[in-house]
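Asker: take this sequence and fold it.
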Amino acid sequence: MSIKINNITKLYGTQKALNNISFEIGTNEIVGFLGPNGAGKSTMMKILTCYIPPSEGSASVCGFDTNNQSIEVRKQIGYLPEHNPLYLDMYVKEFLEFIGGLYKIKNTKERVKEMIEATGLQVEQNKKIGALSKGYRQRVGLAQAMIHDPKVLIMDEPTTGLDPNQLEEIRELIKKLGKEKTVMLSTHIMQEVEAVCDRVIIINKGEIVANDTTETLQKNTTKQIITVEFDNEVSVNTLKSITGVEDAILIDGKTWKVISDLQNDVRKELFNYAVKHNLSVLTMNKEEQKLEDVFKALTKK
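Answerer: Predicted coordinates:
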């Protein structure tokens, strides 16, 4: 396993940021690490990157313990934090050569050229970092995280500030990296997780509430949502009186979201209701559960 977390607890005074959590991430796996603000995501990433120690438990990266072998751990990790720290007065190529020197990389100039091409920085490579847009600064951060060819990449909000074209390019880069490395990705953008991640770990109030593939999480929902549009107005109480309907939410004057248990497909009952009340059903759709819906359900409990 590239990343192994065993019963980690982290206390800040009397407050528990992490509460006895455990998980593993294998080689060539892209895992989304999700949670609302204050859930403990950044704390976990800081422990993995040896910025802070855990209060209890242990963590290892590529077999090296974060407490006792922190130098070896840091050699294995490329880290892009949420607030990307860069030297704004340095030129892009100059900065990357400087980082390459810190890692004592052989053929630094060739490696810098590779990273500039991989992250799409060719046009901006001779500019000062301070003159770059936020999106290009993020690319510089990605380049510095990858320059020493780490086995594990840990990224906190890696696509912040990117335009749609840049977003697609960076997603493709992350997917490509996932074929060779372990990638742990924290983001609030659910479409990004669905696009690039093999598995999702959701954390809430310092505890893991889900650890599975996006497909499995979406299939394991307990509710079914039907969107139905009638040709005339109906009342919420009447809809809720239909067998199997748990709730009904008005979208506009004639369109409703009807919620039921997965075991009760209420579409036939809705048609029967319409016939009985001289209504026409203009549209009816069974909604697919989105990862965002799963996230909300798990983190609002």
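Asker: mind checking how far K10 is from K4?
Answerer: 17 Å (CB to CB, to the nearest Å). Every residue, glycine included, has its C-beta placed from N, CA and C.
Asker: more neighbours, those two?
Answerer: Neighbour tally, K10 and K4, criterion other CB atoms under 10 Å: the higher count belongs to K10, 22 against 17.
Asker: isn't that one up against L48?
Answerer: No. With contact defined as CB atoms under 8 Å, K10 does not reach L48; the gap is 11.6 Å.
Asker: what number of residues lie near the closest residue in space to N19 that isn't next to it in sequence?
Answerer: Leaving aside its chain neighbours, N19 sits nearest to G206 (4.2 Å; criterion: CB to CB, 6 or more residues apart in numbering). By the measure other CB under 10 Å, the count of residues near G206 is 22.
Asker: domain ranges for this protein, per the record?
Answerer: Split into domains by automatic domain parsing, the chain comes to 3-213, 221-299.
Asker: and the shortest one, what's its mean pLDDT?
Answerer: When you say that, I think you mean domain 221-299. Domain 221-299 comes out with an average pLDDT of 86.
Asker: what about that domain, distance to the chain center?
Answerer: How far domain 221-299 lies from its chain's middle: 30 Å, per CA atoms, centre = their mean, to the nearest Å.
Asker: give the buried residues for stretch 192-209.
Answerer: 192-194, 196-206, 208-209 (16 or more other CB atoms under 10 Å).
Asker: quick check: end-to-end length of that stretch?
Answerer: End-to-end distance for stretch 192-209, by CA to CA, to the nearest Å: 20 Å.
Asker: please renumber so the chain begins at 292
Answerer: Sure, I'll start counting at 292 from here, so that last one is stretch 483-500.
Asker: and the strand or helix carrying V484, what does it pack onto?
Answerer: Per DSSP states H and E, V484 falls inside helix 481-487. On a contact count with 3 or more CB pairs under 8 Å, 6 or more residues apart in numbering; DSSP states H and E, helix 481-487 meets strand 321-325, helix 455-468, strand 473-477, helix 582-590.
Asker: export those to CSV and tack on distance to Q367?
Answerer: Putting the helices and strands packed on helix 481-487 into CSV (distance: least, CB to CB, whole Å) gives the following:
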stretch, distance to Q367
strand 321-325, 16
helix 455-468, 14
strand 473-477, 9
helix 582-590, 29
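Asker: for P441, which of these is the nearest?
Answerer: strand 473-477 (9.2 Å; CB to CB).
Asker: partners of that closest one, with directions?
Answerer: According to DSSP bridges, strand 473-477 forms sheet pairs with strand 321-325 (parallel), strand 443-447 (parallel).
Asker: can you list these in a markdown table and add mean pLDDT and mean neighbour count?
Answerer: Shown next, in a markdown table, are the strands paired with strand 473-477 (pLDDT from 0 to 100; neighbours: other CB atoms under 10 Å):
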| stretch | mean pLDDT | mean neighbour count |
| --- | --- | --- |
| strand 321-325 | 94 | 25 |
| strand 443-447 | 93 | 23 |
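Asker: give the buried residues for stretch 301-310.
Answerer: Quick answer for stretch 301-310 (16+ other CB under 10 Å): 301, 307-310.
Asker: let's see which of these end up in strands.
Answerer: Those of the buried residues of stretch 301-310 mapping onto strands are 301, 307-310, per DSSP state E.
Asker: now tabulate those residues in a markdown table and tack on pLDDT.
Answerer: Listed next are those as a markdown table, based on pLDDT from 0 to 100:
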| residue | pLDDT |
| --- | --- |
| K301 | 96 |
| K307 | 93 |
| A308 | 95 |
| L309 | 96 |
| N310 | 95 |
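Asker: got a list of what the closest residue to I299 other than its chain neighbours touches?
Answerer: Excluding the flanking residues, the one nearest I299 by CB to CB, 6+ apart is G348, at 3.9 Å. Contacts for G348 (CB atoms under 8 Å, 6 or more residues apart in numbering) come out as 296-300, 311, 313.
Asker: good, wrapping up.
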